[in-house]
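Peer 1: need a structure here:
(one chain, ligands or ions: 2)
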Amino acid sequence: MGLSSTGHSTAKTTWIAALGELELQVPRSTYETWLKDTVGLSVTDQSMVVGVPNAFTAEWLEKRVYHLVRKTVSKIADQPLEVKFLIEGSSQRGPAPNASTNHALKTSVPAPCIPNHRYSFDSFVVGPSNSLSYTAAQAVASSPGQYYNPLFIYSGVGLGKTHLLHAIARSCIERSINYLYVTSEQFTNEFITSIRERTTEEFRSRYRSVDVLLMDDIQFMSGKEQTLEGFFHTFNDLHNTNRQVVITSDQSPNTMPYLEDRLRSRFTWGLITDIQYPALETRIAILQARAKEMQVCVNNEALTYVAERVRNSVRDLEGAFNRLVAMAQLTNSPITRDLAAHTLQHPTDAQDYSSLPPDKVLTAVERVFKVDHATLIGSKRQKELVIARQAAMYLLRKCLKLTVTQIGRVLGGKNHATVIYGIKRITANLDTNDALRAQIEVTKEELLNQSRQR
Ligand code: ADP
Ligand code: MG
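Peer 2: Numbering: from 1, shown residues only. Ligands and ions are numbered 1, 2, ... in the order given. Have a look, this model is predicted:
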């Protein structure tokens, strides 16, 4: 699929597909830290520009994974492209009058977290399920320490807690307010490091110096008594001087069994709000906003179809939508209700492919995954080849119901364990990797067409 236009939307979708590939090829921590929060900005015949949140990220990506990124993007675009990283965000900490960046770096503090460029108040779709949390977050952002202190937001996963914290962080940056965003895991790690390196004073003063502390997912401190104690003191230091604290959790402080009463009671001093599952209208509005952001053209029927079927978290909703976009891109088709039905429901699963010979599966995989036959059944270990091979194993199993031994033979004599591992790996990645899922779906579709013609 060549790049026919130079538009934003091509850049965005190409990069999303590239991220899907890269996720399979780099360690999870690398993906989460350096790649997840990047965005495709523009693409020309020669190059693609990718937005990154800060200079650290740009430098790291250039030094460590540039070749892989370029190769992956070129493969998806089907033409050689250079990749340029453009810094989009500003710095994470609001200007800290006392602490210079160098100082922060010296004391072995992990690289600060920059707000995700997508997570702003403007991009948050408000509905009855989240409006109280949204309004409270806005109030806190506009007058830190004035209204609800602490503000405590809880909900199930993927419903917008982190989004709201980042939106507050962004507003702090705009207004030069000194803030700190940490997950409770980071807090725990820093706390432990400070004990080990005897820098607890620095640790304390670093936290004490902020005007707004944003603590994400406090439930991960569960059972870590010393850390909770450390947090208790940090909290008191800040609260006593009217500095704002915002905390998120997967449940209300009243039902968090590991909380000591003194901390629990402090959490109830301010405002406790929750976020519920969004209703259909909100889910549709979220998808509309996402389509606009990705600059893809989608008819409302298709959006409604997705919104009606994915009801749990907004993250799942976005995942389903990304898959749909990836699928449309792979098959070069418009995003319609039919395509949505096809992508979401796996109608192909219920079909009978059993009359197809195994070599048809290999041919289809070779076409969709862009590898040649010798390579597919060979033993080269490059990651994208391995994935194609594993996809073939998966499809031979799912569609043709071959035994593991048969599959090994079809693929040029692979052993039992390799085949089992391959099938498991694809199965595990299908949930999270939208691009891979789209590739598998397209392959199945192709197989289905062939079996119909027989
Ligand atoms: P949580 O922290 O509660 O697990 P996140 O804040 O990470 O959830 O949200 C998951 C994804 O859903 C993010 O991409 C976020 O931008 C998106 N999201 C959640 N709620 C909304 C909303 N109301 N409007 C727009 N996007 C949302
Ligand atoms: Mg979160």
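Peer 1: three-state assignment of whichever residue of the chain sits closest to ligand 2?
Peer 2: In the chain, the residue that lies nearest ligand 2 is residue 162 (3.2 Å; Cβ to the ion). The C-beta positions use only the backbone N, C-alpha and C, and glycine is treated the same way. The three-state assignment at residue 162 reads helix, by DSSP: H, G, I helix; E, B strand; the rest coil.
Peer 1: I'd like to know how many residues surround it.
Peer 2: Here the number of neighbours of residue 162 (other Cβ atoms under 10 Å) works out to 21.
Peer 1: so where's the stretch 301-450 of the chain uncertain?
Peer 2: 346-351 (pLDDT under 70).
Peer 1: Residues of it that sit close to ligand 1?
Peer 2: Contacts of the stretch 301-450 of the chain with ligand 1, taken as Cβ under 6 Å from any ligand atom, map to 314, 315, 318.
Peer 1: residues touching the residue of the chain closest to ligand 2, list them.
Peer 2: With contact set as Cβ atoms under 8 Å, 6 or more residues apart in numbering, residue 162 has these partners: 119, 216, 217, 248.
Peer 1: For the residues you listed, name the two members farthest from one another.
Peer 2: Using Cβ to Cβ, the contacts of residue 162 span at most 14.9 Å, a distance reached by 119 and 217.
Peer 1: Quick one, grab the pLDDT at residue 1.
Peer 2: If you check residue 1, the pLDDT there is 42.
Peer 1: on that earlier part again, in strands only, show me the contacts of residue 162.
Peer 2: 216, 248 (DSSP state E).
Peer 1: Turn the contacts of residue 162 into CSV, columns for pLDDT.
Peer 2: Listed next are these as CSV, based on pLDDT from 0 to 100:
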residue, pLDDT
119, 92
216, 95
217, 94
248, 97
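Peer 1: quick one: the strands in the protein?
Peer 2: 39-43, 47-52, 82-87, 151-155, 179-183, 212-216, 244-249, 271-275.
Peer 1: what bridges to residue 40?
Peer 2: Legend: beta-bridge partners of residue 40 under DSSP bridges are residue 50.
Peer 1: Contacts only, for whatever residue of the stretch 201-350 of the chain ends up closest to ligand 1.
Peer 2: With Cβ to the nearest ligand atom as the measure, residue 314 is the residue of the stretch 201-350 of the chain nearest to ligand 1, at 3.5 Å. When contacts are counted by Cβ under 8 Å, 6+ apart, residue 314 touches 158, 159, 160, 278, 283, 286.
Peer 1: let's see it at 10 Å
Peer 2: 124-125, 129-130, 157-160, 163, 275, 277-278, 282-283, 286-287, 290 (Cβ atoms under 10 Å, 6 or more residues apart in numbering).
Peer 1: Quick one, which of those residues are buried?
Peer 2: Among the contacts of residue 314, those classed as buried by 16 or more other Cβ atoms under 10 Å are 124-125, 129-130, 158-160, 163, 275, 277-278, 282-283, 286-287, 290.
Peer 1: can you give me phi and psi for residue 27?
Peer 2: The phi/psi pair for residue 27 (degrees, to the nearest 10) reads phi -60, psi 150.
Peer 1: burial count for residue 399?
Peer 2: There are 24 residues near residue 399, going by other Cβ under 10 Å.
Peer 1: Test my guess that it contacts residue 352.
Peer 2: Yes. Counting by Cβ atoms under 10 Å, residue 399 touches residue 352, with 9.1 Å between them.
Peer 1: Common neighbours of the two, please.
Peer 2: 448, 451.
Peer 1: Contacts only, for the residue nearest to residue 416 when sequence neighbours are not counted.
Peer 2: Once flanking residues are discounted, residue 416 sits nearest to residue 404: 5.6 Å by Cβ to Cβ, 6 or more residues apart in numbering. For residue 404, the contacting residues are 393, 396, 397, 414, 415, 416, 417, 418, 419, 420, 422, 423, by Cβ under 10 Å, 6+ apart.
Peer 1: Could you dump the residues you listed into JSON lines with neighbour count and distance to residue 236 added?
Peer 2: Shown next, in JSON lines, are the contacts of residue 404 (neighbours: other Cβ atoms under 10 Å; distance: Cβ to Cβ, whole Å):
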{"residue": "393", "neighbour count": "28", "distance to residue 236": "57"}
{"residue": "396", "neighbour count": "25", "distance to residue 236": "61"}
{"residue": "397", "neighbour count": "20", "distance to residue 236": "58"}
{"residue": "414", "neighbour count": "20", "distance to residue 236": "61"}
{"residue": "415", "neighbour count": "11", "distance to residue 236": "60"}
{"residue": "416", "neighbour count": "12", "distance to residue 236": "59"}
{"residue": "417", "neighbour count": "10", "distance to residue 236": "55"}
{"residue": "418", "neighbour count": "19", "distance to residue 236": "57"}
{"residue": "419", "neighbour count": "27", "distance to residue 236": "58"}
{"residue": "420", "neighbour count": "15", "distance to residue 236": "54"}
{"residue": "422", "neighbour count": "25", "distance to residue 236": "54"}
{"residue": "423", "neighbour count": "20", "distance to residue 236": "53"}
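Peer 1: Now tabulate the residues you listed in a markdown table and tack on distance to ligand 2.
Peer 2: A markdown table is the format used below for those (distance: Cβ to the ion, whole Å):
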| residue | distance to ligand 2 |
| --- | --- |
| 393 | 35 |
| 396 | 38 |
| 397 | 35 |
| 414 | 40 |
| 415 | 41 |
| 416 | 40 |
| 417 | 37 |
| 418 | 37 |
| 419 | 37 |
| 420 | 34 |
| 422 | 32 |
| 423 | 31 |
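Peer 1: Next, check these against the helices and list the overlap.
Peer 2: 393, 396, 397, 416, 417, 418, 419, 420, 422, 423 (DSSP state H).
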